[in-house]
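Asker: show me how the following folds:
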Amino acid sequence: MSIQIYNTLSKRKEEFKPLEPGKVKMYVCGPTVYNLIHIGNARPMIVFDTVRRYMEYKGYEVNYVSNFTDVDDKIIKKANEEGVEPGVISERYIAECKKDMEGMNIQPATKNPKATEEIGGMLDMIQTLIDKGHAYVAADGTVYFRTRSFKDYGKLSHKNLDDLQGGNRSLLVSGEDQKEDPLDFVLWKPKKEGEPYWDSCWCQGRPGWHIECSVMSKRYLGEEIDIHAGGEDLIFPHHENEIAQSEACNGEKFANYWMHNGFLNINNKKMSKSAGNFFTVREIGEKYPLQVIRFFMLSAHYRTPLNFSDTLVESAKTGLDRILTAIDLCREMAAKEETGSLSKEETEHFANIEVLVKKFEDAMEDDFNTADAVSAIFELVKLANSTADASSTKS
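Answerer: A predicted model of the protein is given here:
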């Protein structure tokens, strides 16, 4: 069975065909580093780390790039509150983020680029967009992307430009009167007092949010990549804008497969500080081993909404304990097989493992259905326990 991926772009499952045989170029949008990562940040990290691991398990060489947004209004605000440079804040929380990721057994990315280290590439891409007529400079030096110049705008989010223009204000990218069109979005903005800035031929300023991922993906993976991924909240406008500026600049398709994980709710409510249900990974880690959190996150299909509650996490903890016990039993059986000391009953049980491995792989290759894959693992747990029981009865 070939790997099938649900592509947000086409709204259907498609057979995965890499651009280059045996290799996968994958970009995952990373966090803005102004505080400890929250439990919602953890879901895409865990989900797409699992996708990467399965690709590697199937023999692919995966170039996995995930950025850190280290220049942002929230970072600047926190830096001003503490009376330090923004870089002090971002470096602190990049280090803390990596600690949490290690606790969740997330493999380090091939590359973790930072926005502040890629300004030169952003300036080059913005200038190319201006030269091609896809961007323009306002009187104050702000550079905007001319959204209507990209005829396929809306193809990822399946939103119609005329509908956006016609009154869905919540979907519009906010902006100033100097825009040619309310839908145009910022590529470069002038500096403000107390903010970091870089020199450009338009003004001293800093990049808009959307441009950084287009530039980082291009530099470390190339103009066209296999998989671009992130939370479903990024579909519009972030990923839609990435497609527009990347394809307008490069003249190439940006990504072949777009993957998005569903939202995480807390006790059936949207997570928010005002609701008192906002938790960092560090806080959750004080109550549960982070491996339990990883297992919990994978208990549902990545595209479905997931509800986080103590009851459900406790159940995940119990399930993971059962699996870890069964792993020890399977290792004992494997050691016996190597020495040829399996009993007839054990040999028959051991043969069934291959069936369950196939069931596990079929689930994973059906759009990384970890829920069904976990079910196959629990069948293996049952098999391991029954084999152990049969062996102890025999002895």
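
Asker: tell me which residues touch R12, please.
Answerer: Each residue near R12 by CB atoms under 8 Å, 6 or more residues apart in numbering is listed here: Y6. Where you see a C-beta, it was placed from the backbone N, CA and C, and this is true even at glycine.

Asker: rerun at 7 Å
Answerer: Listed by CB atoms under 7 Å, 6 or more residues apart in numbering, R12 has no contact partners.

Asker: repeat for the one 4 residues further on
Answerer: By CB under 7 Å, 6+ apart, the residues touching F16 are 2-3, 5, 257.

Asker: same check, this time on Y220
Answerer: Contact analysis of Y220 by CB under 7 Å, 6+ apart lists 65, 111, 113.

Asker: give me phi/psi at it?
Answerer: Backbone torsions of Y220, given as degrees, to the nearest 10, read phi -100, psi -10.

Asker: for it, give me the pLDDT.
Answerer: We have a pLDDT of 98 for Y220.

Asker: buried only: go through the contacts of Y220 for me.
Answerer: 65, 113 (16 or more other CB atoms under 10 Å).

Asker: N41 - nearest residue in space that isn't next to it in sequence?
Answerer: Among residues not flanking N41 along the chain, P31 sits closest, at 5.2 Å (CB to CB, 6 or more residues apart in numbering).

Asker: how many neighbours does T311 have?
Answerer: 9 (other CB atoms under 10 Å).

Asker: typo on my end, P108
Answerer: Neighbours around P108, by other CB under 10 Å: 12.

Asker: now it, what's its secondary structure?
Answerer: Classification of P108 by DSSP: H, G, I helix; E, B strand; the rest coil places it in coil.

Asker: count the neighbours of K273 for me.
Answerer: 8.

Asker: quick check, it in a strand?
Answerer: No. Counting by three-state DSSP, K273 is not part of a strand but coil.

Asker: strands of the stretch 101-250 of the chain, start to end?
Answerer: Using DSSP state E, counting those that start in this stretch, the strands of the stretch 101-250 of the chain run over residues 135-137, 143-145, 185-190, 205-207, 225-231.

Asker: pairing partners for the third one, with directions?
Answerer: Sheet pairing here is set by DSSP bridges, and for strand 185-190 it gives strand 143-145 (antiparallel), strand 205-207 (antiparallel).

Asker: mind listing residues that contact it?
Answerer: Contact with strand 185-190 is made by 126, 129, 135, 140-145, 147, 173, 200, 202-203, 205-208, 210-211, 237, 241, as judged by CB under 7 Å, 6+ apart.

Asker: CA atoms of the lowest-mean-pLDDT helix or strand in the chain as PDB?
Answerer: When the helices and strands of the chain are scored by mean pLDDT, DSSP states H and E, helix 161-165 comes last with a mean of 76. C-alpha atoms of helix 161-165 as PDB (Å, rounded to 0.1, in the frame of the first residue of the first chain):
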ATOM      1  CA  LEU A 161     -11.700  36.900  -3.300                       C
ATOM      2  CA  ASP A 162     -15.000  38.600  -4.100                       C
ATOM      3  CA  ASP A 163     -16.600  37.100  -1.100                       C
ATOM      4  CA  LEU A 164     -13.800  38.400   1.100                       C
ATOM      5  CA  GLN A 165     -14.100  41.800  -0.500                       C
END
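
Asker: can you give me the offset of that helix from its chain's centre?
Answerer: 28 Å (CA atoms, centre = their mean, to the nearest Å).

Asker: could you list the low-pLDDT ranges of the stretch 201-350 of the chain?
Answerer: Applying pLDDT under 70 to the stretch 201-350 of the chain picks out residues 349-350.

Asker: quick one on the thing from earlier: now, of the contacts of strand 185-190, which are buried?
Answerer: Neighbour-count burial (16+ other CB under 10 Å) is assigned, among the contacts of strand 185-190, to 126, 129, 135, 141-145, 147, 173, 200, 202-203, 205-208, 210-211, 237, 241.

Asker: grab the nearest non-local neighbour of Q127.
Answerer: Among residues not flanking Q127 along the chain, C201 sits closest, at 7.7 Å (CB to CB, 6+ apart).

Asker: burial of the one you found, as a residue count?
Answerer: 10.

Asker: which phi and psi does S10 have?
Answerer: Phi and psi for S10, reported as degrees, to the nearest 10, are phi -100, psi -10.

Asker: ok, it - contacts?
Answerer: Per CB under 7 Å, 6+ apart, neighbours of S10: none.

Asker: how about I293?
Answerer: Applying CB under 7 Å, 6+ apart, one finds that I293 lies in contact with 42, 104, 284.

Asker: thought G40 was touching the last one, still the case?
Answerer: Going back to what we said before, that points to I284. No. Using CB atoms under 7 Å, I284 is not in contact with G40; the gap is 11.2 Å.

Asker: and stretch 70-86, average pLDDT?
Answerer: 96.

Asker: begin at 852, not 1, for the rest of this chat.
Answerer: Yep, numbering from 852; the last one is stretch 921-937 now.

Asker: end to end, how far does that stretch reach?
Answerer: For stretch 921-937, the first-to-last residue distance is 8 Å (CA to CA, to the nearest Å).

Asker: repeat that for stretch 951-962.
Answerer: With CA to CA, one end of stretch 951-962 sits 17 Å from the other.

Asker: do stretch 1125-1136 as well
Answerer: End-to-end span of stretch 1125-1136 (CA to CA): 22 Å.

Asker: and that stretch, which residues are buried?
Answerer: For stretch 1125-1136, burial by neighbour count (16+ other CB under 10 Å) applies to 1128, 1130-1133, 1135-1136.

Asker: before we move on, what about stretch 1223-1231?
Answerer: 1224-1228, 1230-1231.

Asker: mind checking how far E1199 is from Q1096?
Answerer: Separation of E1199 from Q1096 (CB to CB, to the nearest Å): 59 Å.

Asker: neighbour-wise, which of the two wins?
Answerer: Q1096 (27 against 12).
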